[in-house]
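Engineer: Fold the following and give me the result.
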Amino acid sequence: MEITQKNRLTYFSGKFSRLTTGLLASLFFCLLGLGSLQLQAQNNMGVGTPSPDPSAVLDVSGTDKGMLVPRMLASERTGIGSPATGLIVYQTDAPAGFYYNAGTPGTPSWIKLNGGVVAIADGGTGANTAAGARTNLGLGTLSTLNAVSSTEITDGTIVNADISNTAAIAGSKISGDITGNAANVTGTVAIAKGGTGQTTAGAALNALLPTQTSNSGKVLQTDGSNASWVTTSSLPTQTGNAGKFLTTDGTNASWKAAGATLLVVDASTASSFALTDVNVRTYILSCNGRDLSTATLTITIPNASNYPAGTSLVIALIGHSDIGATVTFRTPSNNLFYQYNNNGTSSGAGLNQYAEYITDGVNKWYRIR
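Structural biologist: The predicted structure is shown next:
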(Lines give C-alpha, C1' and ligand atoms only; values in the text may rest on other atoms or scores of the structure.)
Protein backbone atom coordinates (compact mmCIF):
# COMPACT_ATOMS: atom_id res chain seq x y z
CA MET A 1 0.00 0.00 0.00
CA GLU A 2 1.41 3.33 -0.96
CA ILE A 3 1.23 5.90 1.64
CA THR A 4 0.58 9.31 0.28
CA GLN A 5 1.23 12.57 1.97
CA LYS A 6 -2.34 12.79 3.13
CA ASN A 7 -2.31 9.29 4.43
CA ARG A 8 0.81 10.06 6.47
CA LEU A 9 -0.86 12.98 8.20
CA THR A 10 -3.92 10.90 9.01
CA TYR A 11 -1.73 8.12 10.42
CA PHE A 12 0.28 10.30 12.79
CA SER A 13 -2.83 12.13 14.01
CA GLY A 14 -4.34 8.85 15.14
CA LYS A 15 -1.20 7.82 16.91
CA PHE A 16 -0.97 11.12 18.83
CA SER A 17 -4.63 10.96 19.81
CA ARG A 18 -4.26 7.46 21.23
CA LEU A 19 -1.01 8.45 23.13
CA THR A 20 -2.62 11.50 24.70
CA THR A 21 -5.61 9.50 25.82
CA GLY A 22 -3.35 6.88 27.48
CA LEU A 23 -1.31 9.44 29.35
CA LEU A 24 -4.35 11.20 30.72
CA ALA A 25 -5.81 7.90 31.86
CA SER A 26 -2.57 6.91 33.62
CA LEU A 27 -2.38 10.26 35.41
CA PHE A 28 -6.00 9.98 36.54
CA PHE A 29 -5.50 6.56 38.07
CA CYS A 30 -2.27 7.70 39.76
CA LEU A 31 -3.99 10.60 41.46
CA LEU A 32 -6.88 8.33 42.39
CA GLY A 33 -4.40 5.91 44.06
CA LEU A 34 -2.75 8.60 46.13
CA GLY A 35 -6.10 9.32 47.73
CA SER A 36 -5.64 12.15 50.21
CA LEU A 37 -1.99 12.89 49.35
CA GLN A 38 -1.66 16.63 48.89
CA LEU A 39 1.23 18.37 47.11
CA GLN A 40 1.66 22.04 47.93
CA ALA A 41 3.49 24.82 46.19
CA GLN A 42 5.69 25.34 49.33
CA ASN A 43 7.37 21.97 48.71
CA ASN A 44 5.86 20.06 51.63
CA MET A 45 3.56 17.08 51.69
CA GLY A 46 0.46 16.25 53.66
CA VAL A 47 -0.85 12.75 54.26
CA GLY A 48 -4.40 12.63 55.56
CA THR A 49 -4.73 16.43 55.47
CA PRO A 50 -5.40 18.87 52.61
CA SER A 51 -3.43 21.61 54.39
CA PRO A 52 -0.09 20.37 55.77
CA ASP A 53 1.57 22.58 58.35
CA PRO A 54 3.86 25.00 56.50
CA SER A 55 6.69 24.32 59.00
CA ALA A 56 6.72 20.58 58.21
CA VAL A 57 8.16 18.90 55.17
CA LEU A 58 5.82 15.97 55.86
CA ASP A 59 2.55 16.35 57.82
CA VAL A 60 0.87 12.99 58.55
CA SER A 61 -2.60 13.16 60.09
CA GLY A 62 -4.94 10.40 61.13
CA THR A 63 -7.29 9.26 63.88
CA ASP A 64 -7.34 5.53 63.25
CA LYS A 65 -3.82 4.78 62.05
CA GLY A 66 -0.27 5.50 63.13
CA MET A 67 3.08 5.93 61.45
CA LEU A 68 5.83 3.33 61.40
CA VAL A 69 9.52 4.22 61.42
CA PRO A 70 12.16 1.66 60.54
CA ARG A 71 12.24 -1.20 63.06
CA MET A 72 15.43 -3.10 63.82
CA LEU A 73 17.54 -4.88 66.39
CA ALA A 74 20.11 -3.05 68.57
CA SER A 75 22.94 -4.61 66.56
CA GLU A 76 21.35 -3.31 63.36
CA ARG A 77 20.87 0.16 64.83
CA THR A 78 24.49 0.43 65.90
CA GLY A 79 25.52 -0.97 62.51
CA ILE A 80 24.07 1.97 60.58
CA GLY A 81 26.96 3.66 58.83
CA SER A 82 27.42 7.39 59.51
CA PRO A 83 23.91 7.92 60.95
CA ALA A 84 22.65 11.45 60.49
CA THR A 85 22.22 13.60 63.59
CA GLY A 86 18.57 13.29 64.59
CA LEU A 87 18.06 9.95 62.78
CA ILE A 88 15.32 8.00 64.58
CA VAL A 89 14.58 4.26 64.61
CA TYR A 90 12.63 1.83 66.74
CA GLN A 91 14.58 -0.93 68.47
CA THR A 92 12.66 -4.13 68.83
CA ASP A 93 14.88 -6.04 71.26
CA ALA A 94 15.52 -5.08 74.87
CA PRO A 95 15.59 -2.38 75.90
CA ALA A 96 13.00 -1.73 73.22
CA GLY A 97 11.96 1.78 72.28
CA PHE A 98 12.61 4.75 70.08
CA TYR A 99 16.24 5.80 69.69
CA TYR A 100 17.67 8.89 68.07
CA ASN A 101 21.23 9.89 67.26
CA ALA A 102 22.14 12.87 69.46
CA GLY A 103 25.72 12.76 68.21
CA THR A 104 27.26 13.25 64.81
CA PRO A 105 27.56 10.89 61.87
CA GLY A 106 31.20 10.36 62.76
CA THR A 107 30.55 9.93 66.49
CA PRO A 108 27.02 8.62 67.01
CA SER A 109 25.35 8.89 70.40
CA TRP A 110 22.14 6.91 70.48
CA ILE A 111 19.66 8.09 73.11
CA LYS A 112 16.57 6.14 74.08
CA LEU A 113 13.40 8.20 74.20
CA ASN A 114 11.45 7.53 77.39
CA GLY A 115 8.07 8.62 78.46
CA GLY A 116 7.75 8.38 82.24
CA VAL A 117 10.42 6.84 84.50
CA VAL A 118 13.96 6.52 83.17
CA ALA A 119 15.66 3.34 84.29
CA ILE A 120 18.97 3.46 86.18
CA ALA A 121 20.52 1.50 83.29
CA ASP A 122 19.51 4.34 80.97
CA GLY A 123 21.04 7.04 83.16
CA GLY A 124 17.92 7.72 85.27
CA THR A 125 16.86 6.95 88.81
CA GLY A 126 14.08 4.43 88.14
CA ALA A 127 11.70 6.47 90.30
CA ASN A 128 9.28 9.36 89.94
CA THR A 129 9.80 10.81 93.45
CA ALA A 130 12.84 12.18 95.27
CA ALA A 131 12.48 9.64 98.07
CA GLY A 132 12.23 6.77 95.61
CA ALA A 133 15.25 8.04 93.69
CA ARG A 134 17.37 8.19 96.89
CA THR A 135 16.31 4.65 97.76
CA ASN A 136 17.07 3.30 94.28
CA LEU A 137 20.49 4.97 94.26
CA GLY A 138 21.36 3.64 97.73
CA LEU A 139 21.32 7.02 99.45
CA GLY A 140 18.78 6.05 102.09
CA THR A 141 16.32 8.50 103.61
CA LEU A 142 16.89 12.16 104.46
CA SER A 143 17.49 11.22 108.09
CA THR A 144 20.39 8.97 107.11
CA LEU A 145 21.65 10.88 104.08
CA ASN A 146 24.22 12.77 106.17
CA ALA A 147 25.04 9.81 108.41
CA VAL A 148 28.74 9.16 108.91
CA SER A 149 29.93 5.60 109.18
CA SER A 150 32.15 4.37 111.99
CA THR A 151 34.78 3.60 109.36
CA GLU A 152 34.89 7.25 108.31
CA ILE A 153 35.26 8.26 111.93
CA THR A 154 38.19 5.97 112.61
CA ASP A 155 40.06 6.46 109.36
CA GLY A 156 39.65 10.24 109.39
CA THR A 157 37.91 10.60 106.01
CA ILE A 158 34.99 12.72 107.27
CA VAL A 159 34.56 16.03 105.47
CA ASN A 160 32.23 18.93 106.21
CA ALA A 161 29.78 17.82 103.53
CA ASP A 162 29.26 14.54 105.39
CA ILE A 163 27.76 16.28 108.41
CA SER A 164 24.58 18.35 108.43
CA ASN A 165 24.26 21.53 110.47
CA THR A 166 21.96 19.74 112.92
CA ALA A 167 23.87 16.48 113.21
CA ALA A 168 24.55 15.24 116.73
CA ILE A 169 27.86 13.39 117.14
CA ALA A 170 28.67 11.57 120.37
CA GLY A 171 31.94 12.63 121.96
CA SER A 172 33.01 8.99 122.15
CA LYS A 173 33.12 8.95 118.35
CA ILE A 174 35.62 11.82 118.08
CA SER A 175 39.38 11.52 118.32
CA GLY A 176 42.03 14.10 117.55
CA ASP A 177 41.60 17.87 117.54
CA ILE A 178 38.42 19.82 116.87
CA THR A 179 38.89 23.18 115.16
CA GLY A 180 36.55 26.03 114.33
CA ASN A 181 33.64 27.61 116.20
CA ALA A 182 32.60 25.50 119.19
CA ALA A 183 29.47 27.54 119.93
CA ASN A 184 27.22 24.58 119.15
CA VAL A 185 29.21 22.00 121.11
CA THR A 186 27.24 20.50 123.99
CA GLY A 187 28.21 18.14 126.76
CA THR A 188 31.53 18.08 128.59
CA VAL A 189 35.13 17.24 127.77
CA ALA A 190 36.94 15.19 130.37
CA ILE A 191 40.03 16.59 132.11
CA ALA A 192 42.03 13.71 130.65
CA LYS A 193 41.02 14.96 127.17
CA GLY A 194 42.05 18.55 127.84
CA GLY A 195 38.71 19.76 129.25
CA THR A 196 37.36 20.35 132.73
CA GLY A 197 34.56 17.78 132.84
CA GLN A 198 32.20 20.56 133.98
CA THR A 199 29.62 22.90 132.43
CA THR A 200 30.10 26.07 134.52
CA ALA A 201 33.12 28.23 135.28
CA GLY A 202 32.81 27.74 139.05
CA ALA A 203 32.55 23.99 138.79
CA ALA A 204 35.47 23.92 136.33
CA LEU A 205 37.66 25.87 138.78
CA ASN A 206 36.80 23.51 141.62
CA ALA A 207 37.53 20.51 139.41
CA LEU A 208 41.01 21.77 138.54
CA LEU A 209 42.03 22.85 142.07
CA PRO A 210 42.85 20.55 144.98
CA THR A 211 39.71 19.73 146.94
CA GLN A 212 38.46 22.68 148.98
CA THR A 213 36.59 20.52 151.50
CA SER A 214 37.87 21.19 155.08
CA ASN A 215 40.42 23.72 153.75
CA SER A 216 38.65 26.94 154.67
CA GLY A 217 41.07 29.80 155.40
CA LYS A 218 44.05 28.09 153.80
CA VAL A 219 46.05 29.40 150.87
CA LEU A 220 47.10 27.64 147.68
CA GLN A 221 50.79 26.80 147.51
CA THR A 222 52.93 25.00 144.99
CA ASP A 223 56.19 23.12 145.38
CA GLY A 224 56.95 23.67 141.71
CA SER A 225 55.17 20.53 140.61
CA ASN A 226 51.97 20.15 142.60
CA ALA A 227 49.58 22.58 144.26
CA SER A 228 48.13 22.10 147.73
CA TRP A 229 46.29 24.01 150.44
CA VAL A 230 48.45 25.10 153.40
CA THR A 231 47.73 26.85 156.66
CA THR A 232 49.35 30.27 156.99
CA SER A 233 51.03 31.39 160.20
CA SER A 234 48.98 33.82 162.22
CA LEU A 235 50.19 37.40 162.08
CA PRO A 236 51.49 39.05 165.25
CA THR A 237 48.96 41.36 166.84
CA GLN A 238 48.62 44.62 165.02
CA THR A 239 47.50 46.59 168.05
CA GLY A 240 50.05 49.31 168.88
CA ASN A 241 52.16 48.52 165.81
CA ALA A 242 50.96 51.20 163.41
CA GLY A 243 53.60 52.18 160.86
CA LYS A 244 55.77 49.12 161.50
CA PHE A 245 56.66 46.42 159.01
CA LEU A 246 56.51 42.66 159.28
CA THR A 247 59.79 40.78 159.48
CA THR A 248 60.93 37.28 160.38
CA ASP A 249 63.98 35.73 161.93
CA GLY A 250 63.40 32.58 159.91
CA THR A 251 61.08 31.07 162.48
CA ASN A 252 58.84 33.75 163.91
CA ALA A 253 57.33 36.88 162.44
CA SER A 254 57.26 40.21 164.25
CA TRP A 255 56.52 43.88 163.65
CA LYS A 256 59.48 46.24 163.41
CA ALA A 257 59.59 49.96 163.16
CA ALA A 258 60.71 51.16 159.79
CA GLY A 259 64.31 52.29 159.86
CA ALA A 260 65.05 50.55 163.17
CA THR A 261 68.85 50.61 162.73
CA LEU A 262 69.89 51.04 166.37
CA LEU A 263 69.00 48.97 169.37
CA VAL A 264 70.08 49.43 173.03
CA VAL A 265 70.53 46.17 174.96
CA ASP A 266 70.71 45.98 178.77
CA ALA A 267 74.12 44.43 179.64
CA SER A 268 74.17 45.34 183.34
CA THR A 269 74.04 41.74 184.60
CA ALA A 270 73.86 39.13 181.82
CA SER A 271 76.92 37.46 180.40
CA SER A 272 75.41 36.16 177.10
CA PHE A 273 73.58 38.23 174.49
CA ALA A 274 71.82 36.99 171.37
CA LEU A 275 71.46 39.84 168.90
CA THR A 276 68.86 38.44 166.45
CA ASP A 277 67.25 41.48 164.81
CA VAL A 278 68.67 41.54 161.27
CA ASN A 279 67.18 45.01 160.70
CA VAL A 280 69.41 46.55 163.37
CA ARG A 281 72.77 47.85 162.21
CA THR A 282 74.09 49.21 165.53
CA TYR A 283 73.78 47.43 168.87
CA ILE A 284 74.54 49.37 172.07
CA LEU A 285 75.25 47.11 175.06
CA SER A 286 74.68 49.37 178.06
CA CYS A 287 76.46 48.12 181.20
CA ASN A 288 75.11 50.81 183.54
CA GLY A 289 78.39 51.12 185.54
CA ARG A 290 79.05 47.39 185.60
CA ASP A 291 82.57 46.26 186.51
CA LEU A 292 83.85 44.22 183.55
CA SER A 293 87.39 43.73 184.88
CA THR A 294 86.90 39.99 185.42
CA ALA A 295 83.73 39.34 183.43
CA THR A 296 83.38 37.01 180.47
CA LEU A 297 80.87 38.10 177.84
CA THR A 298 79.57 36.07 174.85
CA ILE A 299 77.79 37.98 172.08
CA THR A 300 76.01 35.99 169.33
CA ILE A 301 75.05 37.80 166.12
CA PRO A 302 73.14 36.44 163.04
CA ASN A 303 74.90 34.44 160.35
CA ALA A 304 76.53 36.43 157.57
CA SER A 305 74.08 34.95 155.05
CA ASN A 306 71.17 36.79 156.74
CA TYR A 307 72.41 40.11 155.33
CA PRO A 308 73.10 41.45 151.85
CA ALA A 309 76.80 41.43 150.97
CA GLY A 310 78.49 44.61 152.20
CA THR A 311 76.22 45.08 155.22
CA SER A 312 78.11 46.48 158.22
CA LEU A 313 77.28 45.79 161.87
CA VAL A 314 78.47 47.93 164.81
CA ILE A 315 78.52 46.57 168.38
CA ALA A 316 79.51 48.86 171.26
CA LEU A 317 80.00 48.38 175.05
CA ILE A 318 79.29 51.50 177.10
CA GLY A 319 78.92 52.48 180.75
CA HIS A 320 81.27 49.93 182.26
CA SER A 321 83.90 50.69 184.93
CA ASP A 322 86.71 48.56 183.53
CA ILE A 323 87.39 46.62 180.35
CA GLY A 324 89.38 43.70 181.62
CA ALA A 325 86.62 41.31 180.51
CA THR A 326 86.91 38.66 177.85
CA VAL A 327 84.42 39.35 175.05
CA THR A 328 83.65 36.56 172.58
CA PHE A 329 81.67 37.08 169.36
CA ARG A 330 79.93 34.13 167.79
CA THR A 331 77.34 33.23 165.14
CA PRO A 332 74.37 30.86 165.80
CA SER A 333 76.53 27.96 164.61
CA ASN A 334 78.89 28.84 167.49
CA ASN A 335 81.78 29.72 165.23
CA LEU A 336 84.32 32.04 166.86
CA PHE A 337 85.01 34.99 164.64
CA TYR A 338 86.38 37.63 167.13
CA GLN A 339 87.65 37.66 170.68
CA TYR A 340 88.87 40.61 172.71
CA ASN A 341 90.57 40.26 176.10
CA ASN A 342 92.89 42.16 178.33
CA ASN A 343 95.91 40.68 176.58
CA GLY A 344 94.68 41.88 173.21
CA THR A 345 96.22 44.64 171.21
CA SER A 346 92.98 46.14 169.95
CA SER A 347 92.70 49.85 170.41
CA GLY A 348 89.97 51.47 172.42
CA ALA A 349 90.85 50.33 175.94
CA GLY A 350 88.92 52.31 178.47
CA LEU A 351 85.32 52.90 179.38
CA ASN A 352 83.93 52.58 175.84
CA GLN A 353 84.73 49.76 173.42
CA TYR A 354 83.22 49.04 170.00
CA ALA A 355 83.84 46.95 166.90
CA GLU A 356 82.51 47.13 163.33
CA TYR A 357 82.11 44.11 161.05
CA ILE A 358 81.12 43.68 157.38
CA THR A 359 79.61 40.58 155.76
CA ASP A 360 80.19 38.89 152.40
CA GLY A 361 76.51 37.84 152.40
CA VAL A 362 77.47 34.17 152.40
CA ASN A 363 79.37 32.87 155.42
CA LYS A 364 82.02 35.35 156.62
CA TRP A 365 82.20 38.44 158.83
CA TYR A 366 85.22 40.73 158.53
CA ARG A 367 86.27 43.25 161.23
CA ILE A 368 87.02 46.58 159.64
CA ARG A 369 87.67 48.61 162.88
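Engineer: can you confirm Pro83 is in a strand?
Structural biologist: No. Read with DSSP: H, G, I helix; E, B strand; the rest coil, Pro83 is coil and lies in no strand.
Engineer: Without its sequence neighbours, what residue ends up closest to it?
Structural biologist: Using CB to CB, 6 or more residues apart in numbering and skipping the chain neighbours, the partner closest in space to Pro83 is Asn101 (4.6 Å). No exception for glycine: its C-beta is placed from N, CA and C like everyone else's.
Engineer: residues in contact with the one you found?
Structural biologist: For Asn101, the contact set (CB atoms under 8 Å, 6 or more residues apart in numbering) comprises Pro83, Ala84, Thr85, Gly86, Leu87, Ile88, Pro108, Ser109, Trp110, Ile111.
Engineer: what about 6 Å?
Structural biologist: Pro83, Thr85, Leu87, Pro108, Trp110 (CB atoms under 6 Å, 6 or more residues apart in numbering).
Engineer: Quick check on the residues you listed: which are buried?
Structural biologist: Using 16 or more other CB atoms under 10 Å as the burial test, the contacts of Asn101 include Pro83, Leu87, Pro108, Trp110 as buried.
Engineer: so where do the strands sit in the stretch 201-350 of the chain?
Structural biologist: With strands called from DSSP state E, counting those that start in this stretch, the stretch 201-350 of the chain shows them at 219-222, 227-230, 244-248, 253-257, 262-266, 272-274, 282-286, 296-300, 312-318, 326-330, 336-340.
Engineer: so Thr188 touches Gly197, yeah?
Structural biologist: Yes. With contact defined as CB atoms under 6 Å, Thr188 counts as touching Gly197 (5.4 Å).
Engineer: Show the low-confidence segments of the protein, by residue range.
Structural biologist: 1-42, 115-116, 140-186, 233-234, 243, 249-250, 256-260, 322-323, 333-352 (pLDDT under 70).
Engineer: all helices for it, in order.
Structural biologist: Counting by DSSP state H, the chain has helices at residues 5-34, 74-78, 130-136, 142-145, 150-155, 201-208.
Engineer: and Asn252, how many neighbours?
Structural biologist: Using other CB atoms under 10 Å, Asn252 is surrounded by 10 other residues.
Engineer: Same check on Gly202?
Structural biologist: So Gly202, with other CB under 10 Å, has 8 neighbours.
Engineer: Asn363 now?
Structural biologist: 12.
Engineer: Repeat that for Val264.
Structural biologist: Using other CB under 10 Å, Val264 has 12 neighbouring residues.
Engineer: got the contact list for it?
Structural biologist: Applying CB under 6 Å, 6+ apart to Val264 gives the contacts Ile284, Ser286.
Engineer: Name whatever forms a beta bridge with it.
Structural biologist: As for beta bridges, Val264 partners with Ile284 under DSSP bridges.
Engineer: Hmm, Trp365 is touching Ala304, no?
Structural biologist: Yes. With contact defined as CB under 6 Å, Trp365 counts as touching Ala304 (5.3 Å).
Engineer: who touches both of the two?
Structural biologist: In terms of CB under 6 Å, 6+ apart, Trp365 and Ala304 are both contacted by the residues Thr359.
Engineer: Please identify which pair of the contacts of Asn101 lies farthest apart.
Structural biologist: Of all pairs drawn from the contacts of Asn101, the greatest distance, 11.4 Å, lies between Thr85 and Trp110 (CB to CB).
Engineer: and Thr331, what does it touch?
Structural biologist: Contacts for Thr331 (CB under 6 Å, 6+ apart) come out as Asn303.
Engineer: Give me the spatial nearest neighbour of Tyr99, chain neighbours excluded.
Structural biologist: Closest to Tyr99 by CB to CB, 6+ apart is Trp110, at 4.8 Å.
Engineer: For Thr311, which non-adjacent residue is spatially closest?
Structural biologist: Thr359 (5.2 Å).
Engineer: Tell me what that neighbour is bridged to.
Structural biologist: In this structure, Thr359 bridges to Trp365 when assessed by DSSP bridges.
Engineer: distance of it from Ala274?
Structural biologist: Here Thr359 is placed at a distance of 17 Å from Ala274 (CB to CB, to the nearest Å).
Engineer: So which of those two has more stuff around it?
Structural biologist: The neighbour comparison of Thr359 against Ala274 (other CB under 10 Å) goes to Thr359, with 22 against 13.
Engineer: ok, that one - contacts?
Structural biologist: Thr359 makes contact with Ala304, Tyr307, Thr311, Trp365, according to CB under 6 Å, 6+ apart.
Engineer: TSV please, covering these and showing neighbour count and distance to Thr294.
Structural biologist: Conversion of the contacts of Thr359 to TSV gives the following (neighbours: other CB atoms under 10 Å; distance: CB to CB, whole Å):
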residue	neighbour count	distance to Thr294
Ala304	21	31
Tyr307	20	34
Thr311	16	34
Trp365	22	27
